[in-house]
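Chemist: Here is the input, now give the coordinates:
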Amino acid sequence: MLDVTVIEDPAAAEVSLAPIRARLLAELMEPASATMLAARVGLPRQKVNYHLKALERHGLIELVGERRKGNVTERLMRATAASYVISPLALASVQPDPARSRDQLSARWLLAVAARLVRDVGTLLTGAAKARRPLATFALDGEVRFASAADRAAFIEELAAGVGALVLKYHDASAEGGRDHRVVVAVHPTVKMPPAGPAEPLPAADERSAAVSPTEPSTGSPTDQPV
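Modeler: Modelled structure (predicted):
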């Protein structure tokens, strides 16, 4: 099982967004059969089986074993990843484009950059997996508390200057066989998450909703440094 995987196919994204199927994905962090899941989520086994087949068809779960139970052979399924991120490629015609408006102080531009980050890293991960090769990336993640807005502005100015100096130092446009990398640096207020509550009951209908967050850094041009 992977820690995280990126969903690029629109049909797979649609399947994963159904609350019932999202609940089944969460239950399948450990192998389970349709019968076991039916008891956990309070649905008929036939309906659970229907949803499992849809998840399996789109590569979101996989068969990890079988076992005999009376006259029936139960299929043990497991999620292919511990978590999933939906790539903007799933909505390719309306995916965000940072090139439309480059405003380093715009939260919406930052969101477009983050969406491109998810798209690019997802594409790179897919290619690396097919080629059976590792993917070289790096990320920093931390928090800083500013005493004032003036301190924040000074921090951003120094950060931009420092990153710019590093780019100038190491960027070699004439290097034969060199590989371009994208550098992304972002600063935004910390989101305070509420404490986790009890699990929501399954809806009666096959409704669709989701909350998806971006993840890792990507590679590409060294000249794009949003702050």
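
Chemist: Does the spatially most central residue of the chain belong to a helix, a strand or coil?
Modeler: Of all residues in the chain, the one closest to the mean position by Cα atoms, centre = their mean is V85, 2.6 Å from it. Three-state call for V85 (DSSP: H, G, I helix; E, B strand; the rest coil): strand.

Chemist: Give the bridge partners for it, please.
Modeler: V6 (DSSP bridges).

Chemist: what about it, distance to L24?
Modeler: For V85, the distance to L24 equals 18 Å [Cβ to Cβ, to the nearest Å]. No exception for glycine: its C-beta is placed from N, CA and C like everyone else's.

Chemist: what's the straight distance from one end of stretch 95-102 to the other?
Modeler: By Cα to Cα, to the nearest Å, the extent of stretch 95-102 from end to end equals 16 Å.

Chemist: which parts of it are buried?
Modeler: Buried residues in stretch 95-102, counted by 16 or more other Cβ atoms under 10 Å: 96, 98.

Chemist: repeat for stretch 179-189
Modeler: Those would be 181-185, for stretch 179-189 by 16+ other Cβ under 10 Å.

Chemist: ok, which stretches of this structure are strands?
Modeler: In the chain, the strands defined using DSSP state E lie at 5-7, 61-69, 72-79, 84-86.

Chemist: S101 against W109, yeah?
Modeler: Yes: using Cβ atoms under 8 Å, S101 makes contact with W109 at a distance of 6.0 Å.

Chemist: most neighbours per residue, which of the strands of the chain?
Modeler: strand 5-7 (a mean of 22; mean count of other Cβ atoms under 10 Å).

Chemist: Contacts for that strand next, please.
Modeler: The contact list for strand 5-7 (Cβ atoms under 8 Å, 6 or more residues apart in numbering) reads 13, 16, 60, 80-81, 83-87, 90, 118, 121-122, 125-126.

Chemist: Is there a quick ChimeraX command that grabs whichever of those are buried?
Modeler: Restricted to buried positions by 16+ other Cβ under 10 Å, the ChimeraX selection for the contacts of strand 5-7 reads:
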select :13,16,60,80,81,84,85,86,87,90,118,121,122,125,126
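
Chemist: how long is stretch 1-13 end to end?
Modeler: Start-to-end span of stretch 1-13 (Cα to Cα) is 19 Å.

Chemist: for it, what is the average pLDDT?
Modeler: Average pLDDT, stretch 1-13: 92.

Chemist: circling back: out of the contacts of strand 5-7, who's nearest A34?
Modeler: L60 (15.2 Å; Cβ to Cβ).
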